[in-house]
Each structure stands twice: as C-alpha cells, then as structure tokens.
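Here is a sequence together with a model predicted from it:
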Amino acid sequence: MFRTIVNAFKIKDVRKRLLYTLITLVIIRLGSQLPVPGVNRSYFANWFAQQNGDAFSFFDAFTGGSFTSMSVFALGITPYIMASIIIQMLTLSIPKLEEMSREEDGHKKLNEATRYATVGLALFEAIGMAVGFGQRGLLDPQNRTFLNYATVALALTAGAAFVMWLGEQITEKGIGNGSSIILVFNIASRIPSDISGLYNQFVASASNVGKAILSGVIIIAVIVLTIVLTVLLNAGVRKIPVHYNGRSNASRIAAMGNTNNIPLRINTSGVMPVIFASSLMQFPVIIVSMFGIEPGNTASSILKALQSSYWFNAETPIYTLGLLLYVVLVIFFAYFYTAITFNPVLISDNLKKRGGFIPGVRPGKPTTEYLNNILQYIIFIGAVGLFIVVTIPIVFNGLFGASVTFAGTSLIIIVSVVLDSMRQVETMMVERNYKGFLNS
C-alpha cells in the first residue's frame, strides 16, 4: 500500500487528486473545531460523558468528535447517509424511479433529490438538538430566544450541507467515494484516544505484569484478526469464465480489457450494509435523546437492545437480542445495495452483443438467471462474513466492558474504505499509463 501511494504521487493527475482529497479533509478537521455560536459547549461535553449507551459514541465517531465539541459540523455526513438510504430504497421499490436511475438525466435528478433530503433531515435533527438540548442547558436561560434557537439550527444545517458538498467534491475531483472517505477520516481521528483508553483500562491498571501482557496480547489479537478477516473478505472473488465466438485474441483483449472472466466480489456491496444497518439502528436512540423524550420501561429496553454496547453483557443478556435485528439488516442491505449497483441483465446484454457466452449457459435470459443464482449465494456468504467480522470486537467489548469508538462497525469501515480507495488509485494509475502508452 505504501508503495502504491509513493508511485501515485509520481503521476501528476493522480497526485492532484490525492492532494485535493487531503486538503478537503484538512478543511473538515478545521471546521470540526469551529463552535456553533451561542451554545454552552461545556454543558454538552458533561452531558455526553454521562451517557451509558453507544448511540451517541457511535454518532460522535462518525463526526470525528465534532458532536461532543458542538461544532458547526456536529451532524457530519450522517444526514447524507440517511438520505441516501431513503432515496435508494424508494428507487428499488418504485419502478419509475428505478428506470430513472438507469438514465443519465434521471440519475442526476435522484442525486439532486438526495441533496434536498439531506438538507431536510439535517434541519430536522438540528431543530431537535437546538430545542431539545437548548432547554436542558445547551443554551443559557437568557439566550433561549427564537433567534438563538434558529441560529443554532441553521448553523448545524449549513455545516451538514457543506460536508455533503465536500464529499461530492472528493468523489468528483479526488479519490474514491467522498462520503465514505470523510467517514473514515472522522473515525480514524478518534483512534489515538481510544487506544490510550484501552491501555489505561486493561494494561496500565492490571494487578501484575502477567495480566498486563495478556491484556495487551488480547487487544492486539482482536484488532489484527478483524483487519485480516476484512482484507480476506474484500479480496474474495468468484470468477465466471467467458468465451467468445469468431473473434481474434486482439478483439477479445480490446473488448474485455485483457480478461476472459467476470469477477464477482464475495463482498459485492462493500462496507455499505454495515454503515446503513448501524445508522438505522442508532437513529431512533439519537432522535429520542435529542427531543428529550423519556421512554417507558419497555421502550427503554428496546432502545438499549439497539445499541451494541449492551450486547454480550452477562448481567443483561436480554439486550443481545438486538443482535438478531442487526443480522437481518446487514443481510437485507447487502442484497439491497447489490441490487442497485450490480445489474445482471446489463452484463448479459453486453456479453450477447460482443459474441460472448458463459460455457454451458445460453446467451440472453438464461445467462441473466445464471448470474442471478450465483449472485444470491455470493451475497449471502459475503453478508455473513461481514457480520462475523463486525461481531468479533463487539463480543470483546461486551465480555470485557471495553469502550472504544473504532471497534466492530468502525474498524471494518476503515479497512474496507482504505482498500477500496487503494484499488481506485491503482486503477487511475493503470488508466494513466495505458493512455500514455497509446499517445506515444
């Protein structure tokens, strides 16, 4: 990976994209230190320290600490993620929208709808924070006027809209998916403090040297195991062989980019199912807290079951039932996201037009059905593997009472997005060298 980055900086076009991405991320970190005008930041830090669940810790990790510091980027990229979930679910369930998504103009309109939905959700959350937290101490009593409430809400909404715009700029002019890169950058900014917390909790406080060493080994083993399994999961590929009739080797190379197979990734949907499932489960908890709602005993138990910090706790095993919902959501979003991004009908049509076929399978509809059947198994295997990798750190946290923001969901997001970004950089380098060869 280090060699890839070094080689990338030697190519002017790729270097410009990398530098653009880095500068944009620096702007995001600077904005994370800019406070919302008129708020009592010390109140919010104290309130956050008293929370037991992981909903707001999860949310704060996604915003890179902007939430607890109550900066203008306190909402971060999360409204955009939720808006994307909503628009993509509507696209899959409404045939007219699905047809629009396949057209260039229609795709642009859906992107525009996602932007409007992002601003709407950000405004909704911002009003909840301004009113809910403002009445409990975020705003001093003498500052609780309509103008001050509106100022806080508009500042948070503008911050979320600006982060969304920066993410789109990274996607267009930088490397990789901008929203995912921002998410990873925010999560990674919290890792040093989390590592320090783990050291103080398990190593420094150990009663003897043996326990300290054992604790350190277990922590390192969990992190390394999660990273290795994530790399293996992302590297897994099922190759579907393709043959061509009546074409020369040169034609095959030109048509298929010097390949004679269709590579289907085991983890076809990448890290998106984890992001979608985690965001959806934490959303009710965050909304209830923002608006100051006091849930009853049953509702409180349900909200705790939605938070992974309560899972695998020996004292309250009932909350681990929330893990079942998490499994269902991860598998659902794995199928859902793959259905949006991977089109077997289009691949089958392209093969037929180029005179290609899968051995033993007739072109046209049989090829589409064959790809669909294989895809169903692959998606399930990838979703289960994704869930297992995410669960390993969660089990560790529950059994040992660890409290870190990068565990489980966050760690797999970091590894997956970094691997995807490296693949995109390598693709840019190959394309640049290929174009240079043709020009010469």
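Perfect, I can see it now. Residues are numbered from 1 along each chain as shown.

make it CA atoms for all contacts and neighbour counts henceforth
Noted.

show me the contacts for the nearest residue to residue 226 once chain neighbours are set aside.
The shortest distance from residue 226 to any non-neighbouring residue, by CA to CA, 6 or more residues apart in numbering, is to residue 389 (5.8 Å). Contact analysis of residue 389 by CA atoms under 8 Å, 6 or more residues apart in numbering lists 226, 229-230, 408, 412.

Filter the residues you listed down to just the ones in helices.
Judged by DSSP state H, the subset of the contacts of residue 389 located in helices is 226, 229-230, 412.

Next, format these as CSV and append distance to residue 159, pLDDT and neighbour count.
CSV is the format used below for the ones in helices among the contacts of residue 389 (distance: CA to CA, whole Å; pLDDT from 0 to 100; neighbours: other CA atoms under 10 Å):
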residue, distance to residue 159, pLDDT, neighbour count
226, 33, 79, 22
229, 36, 82, 17
230, 32, 79, 25
412, 27, 73, 25
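
Of those, just say which sits nearest to residue 273.
The closest of the ones in helices among the contacts of residue 389 to residue 273 turns out to be residue 412 (CA to CA; 11.2 Å).

who touches the closest one in this structure?
Remark: with contacts taken as CA under 8 Å, 6+ apart, residue 412 is in contact with 226-227, 230, 271, 389-390.

Repeat the analysis, applying 7 Å as the threshold.
230, 390 (CA atoms under 7 Å, 6 or more residues apart in numbering).

my hunch is that residue 263 is in a strand, does that hold up?
Yes. Under DSSP: H, G, I helix; E, B strand; the rest coil, residue 263 sits within a strand.

In this structure it contacts residue 241, no?
No. Residue 263 sits out of contact with residue 241 when judged by CA atoms under 7 Å, with a separation of 8.8 Å.

you'd agree residue 312 is up against residue 393?
No. Using CA under 7 Å, residue 312 makes no contact with residue 393, being 11.0 Å away.

Can you check what angle separates the longest helix seen in the chain from strand 261-265?
Criterion DSSP H: the longest helix present in the chain is helix 365-400. Going by axes from the mean of the first three to the mean of the last three CA atoms, to 10 degrees, helix 365-400 is angled at 30 degrees with respect to strand 261-265.

Give me the buried stretch members for helix 365-400, please.
Neighbour counts over helix 365-400 (16 or more other CA atoms under 10 Å) mark 367-368, 371, 375, 378-398 as buried.

picking up where we left off before, of the ones in helices among the contacts of residue 389, which pair is most distant in space?
Using CA to CA, the ones in helices among the contacts of residue 389 span at most 9.3 Å, a distance reached by 229 and 412.

and stretch 261-268, how far from the chain's centre?
On the basis of CA atoms, centre = their mean, to the nearest Å, stretch 261-268 sits 20 Å off its chain's mean C-alpha point.

Next: stretch 225-237.
Worked out by CA atoms, centre = their mean, stretch 225-237 lies 16 Å from the chain centre.

So what touches that stretch?
Outside stretch 225-237, the residues that touch it by CA under 7 Å, 6+ apart are 263-267, 385, 389, 412, 415-416.

quick revisit: what two of the contacts of residue 389 have the greatest distance between them?
Spanning the widest gap among the contacts of residue 389 are 229 and 408, at 12.1 Å by CA to CA.
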